[in-house]
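Peer 1: I need the structure of the sequence given here:
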Amino acid sequence: MNGERIQRSRITQQALVIGLGAGSALILGLAMVRGNWLYLTLFGALAAIPVAVRWPVQASLGVYAFLIPFDSIAVLGGGSTGPTLNKLIGVATAGILLATGVMRHRLVRPPRAALWWFLFIVWGAVTAAWALDAQTVYDRLPTAVSLLLLYLVAVSARVSEKELFSIGTLVVLGGMVAAAYACYMYSEGVLYLGATGRASLIEGERDTDPNQFATSLLLPLSLVIGRFLEARRWSERLFPLYAMLVIAAGIFLTMSRGSLLAVLVVVLAYMYHARSKWQVWVPVALLGLIVVVMPDQFYRRLEMPYETASAGRIDIWRVGLRALLDYGIIGAGLSNFPFAYDEFAGHQYGFRGYSRGAHNIYLGIWVELGIVGFFFMMAAILSQLRSVRSWRRNSTDESNSYMLAVKCACFGLLVSGFFLDIVWRKGFWFVWILLALAVSVSKNQSVSVES
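Peer 2: Next up is the predicted model:
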């Protein structure tokens with residue numbers, strides 16, 4: 001009986017592979033004839049189905065993580081803005097993880113932080129009732145809800161240590177490829193906005209804000225530092241050192257001063273937690289060496305007054321603090337900071353234009369969602385950071401190092417949040433997803449050891 005079931009299963013798998021192969025060949029032929037990249041995308045999706053069936057977690061979350069640094073240039077269609085490829089992959093990732101969890105009984109209870117993130121998004125939707133511009137709230141909600149759904153599904157999936165390691169590897173590879181490409185374009189004289197002297201991801205008319213690009217590389221950088229410290233032999237440390245060199249060069253060439261400060265915080269967090277290991281000084285020395293060989297434009301930008309080189313953030317923050325007096329209780333509405341800014345634009349010493357973003361997630365969320373929304377966001381962040389502290393002592397050394405790497409990246413991300421609007425970026429939410437998964441793996445290991 002079992003033999004017949006196995007035989008039927010094999011026949012079904014063979015039929016599936018043959019069908020996918022025939023469909024892929026047809027679509028590839030159409031792509032070659034018509035020269036339409038959409039057909040190539042569909043071909044890649046079909047070709048990836050067998051991989052997703054065999055390794056659903058790595059193929060979904062891993063590919064999603066790999067593409068995060070490329071999000072701004074991977075725009076669907078011929079324009080420079082619009083839905084991105086990673087948005088479609090995010091939807092597919094949520095579906096794959098949910099289906100895998102149900103069929104393989106791998107769904108677990110989400111962490112407490114999931115409730116706070118859920119309340120954060122719900123409150124943002126509620127603010128449409130009194131928002132300065134309700135349409136802006138409705139425009140933001142699809143992105144907010146999709147990020148929340150992916151977060152809820154991902155943190156409710158039971159992930160093995162091997163799967164978590166594979167996801168981290170794809171995070172690092174994505175950061176390396178993106179950083180290497182940015183460095184190459186910089187060496188060819190392709191600069192952000194033409195004459196700023198700053199590197200970034202640039203493809204035709206599409207480009208990525210250097211500050212946002214540098215922030216997306218913080219997690220890969222932290223993970224390779226963690227892998228270097230975890231390695232027991234120098235042969236195992238060569239790849240992390242090389243990856244660290246490439247990713248750090250990509251960050252530094254963006255000349256984002258906020259990201260430089262974030263990198264410093266990541267390094268200081270490692271020095272505090274791994275102060276008993278002499279190896280922690282090797283990444284410090286390598287990062288210092290990279291800074292020494294940076295071009296002159298890097299140092300000129302560091303010497304510029306902060307007010308001059310930071311898009312007038314201090315003036316914007318002054319206006320935001322004034323708006324906080326009026327909207328600090330219930331908020332001006334989700335993504336309505338620019339409208340609140342316009343009401344008090346005269347409170348700045350230097351005119352910075354109208355409809356400016358907050359350039360600060362803490363001030364921006366407080367003005368938009370009031371004290372309630374700000375509380376929900378901070379409660380979610382602190383809940384996730386506290387979960388690391390509660391499980392770190394009971395976990396294995398390997399899971400400890402992984403959690404430490406993601407936790408240090410979270411610190412860097414929160415520092416970047418003082419200078420950038422990153423709450424609705426995929427990289428922001430993915431860091432918290434990865435932290436929750438790392439804690440879950442550590443928790444499962446602790447339970448198995450105790451039993």
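Peer 1: going forward, measure contacts and count neighbours with C-alpha atoms only.
Peer 2: Fine.
Peer 1: so for stretch 322-333, mean pLDDT?
Peer 2: The average pLDDT for stretch 322-333 rounds to 92.
Peer 1: stretch 439-451 too?
Peer 2: 63.
Peer 1: okay, A52: pLDDT?
Peer 2: We have a pLDDT of 58 for A52.
Peer 1: before we move on, what about V266?
Peer 2: For V266, the predicted pLDDT is 94.
Peer 1: which residues sit in contact with it?
Peer 2: Shown in contact with V266 (Cα atoms under 8 Å, 6 or more residues apart in numbering): 222, 408-409, 411-412.
Peer 1: any chance of JSON lines for the residues you listed, columns distance to M176, neighbour count and pLDDT?
Peer 2: Conversion of the contacts of V266 to JSON lines gives the following (distance: Cα to Cα, whole Å; neighbours: other Cα atoms under 10 Å; pLDDT from 0 to 100):
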{"residue": "S222", "distance to M176": "12", "neighbour count": "27", "pLDDT": "94"}
{"residue": "C408", "distance to M176": "19", "neighbour count": "25", "pLDDT": "93"}
{"residue": "A409", "distance to M176": "16", "neighbour count": "30", "pLDDT": "95"}
{"residue": "F411", "distance to M176": "21", "neighbour count": "18", "pLDDT": "95"}
{"residue": "G412", "distance to M176": "18", "neighbour count": "27", "pLDDT": "95"}
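Peer 1: would you reformat the residues you listed as a markdown table and include distance to I371?
Peer 2: A markdown table is the format used below for the contacts of V266 (distance: Cα to Cα, whole Å):
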| residue | distance to I371 |
| --- | --- |
| S222 | 32 |
| C408 | 27 |
| A409 | 26 |
| F411 | 22 |
| G412 | 24 |
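Peer 1: show me which pair in those is furthest apart.
Peer 2: Using Cα to Cα, these span at most 10.3 Å, a distance reached by S222 and F411.
Peer 1: which element is S401 on?
Peer 2: helix 397-416 (DSSP states H and E).
Peer 1: for that helix, name the packing helices and strands.
Peer 2: helix 218-230, helix 257-273, helix 361-392, helix 426-450 (3 or more Cα pairs under 8 Å, 6 or more residues apart in numbering; DSSP states H and E).
Peer 1: compare those and report which one is nearest to S200.
Peer 2: Evaluated with Cα to Cα, those place helix 257-273 nearest to S200, the distance being 13.1 Å.
Peer 1: list the buried ones in the helix holding S401?
Peer 2: When burial is assessed from 16 or more other Cα atoms under 10 Å, helix 397-416 yields the following buried residues: 399-416.
Peer 1: dump the residue contacts of V284.
Peer 2: Applying Cα under 8 Å, 6+ apart to V284 gives the contacts V267.
Peer 1: go with 7 Å
Peer 2: The contact partners of V284, by Cα atoms under 7 Å, 6 or more residues apart in numbering, come to none.
Peer 1: would you map the strands across the stretch 201-350 of the chain?
Peer 2: Here the stretch 201-350 of the chain has its strands, by DSSP state E, counting those that start in this stretch, at 202-203, 206-207.
Peer 1: where in the stretch 51-200 of the chain is pLDDT low?
Peer 2: 51-55, 76-82, 194-196 (pLDDT under 70).
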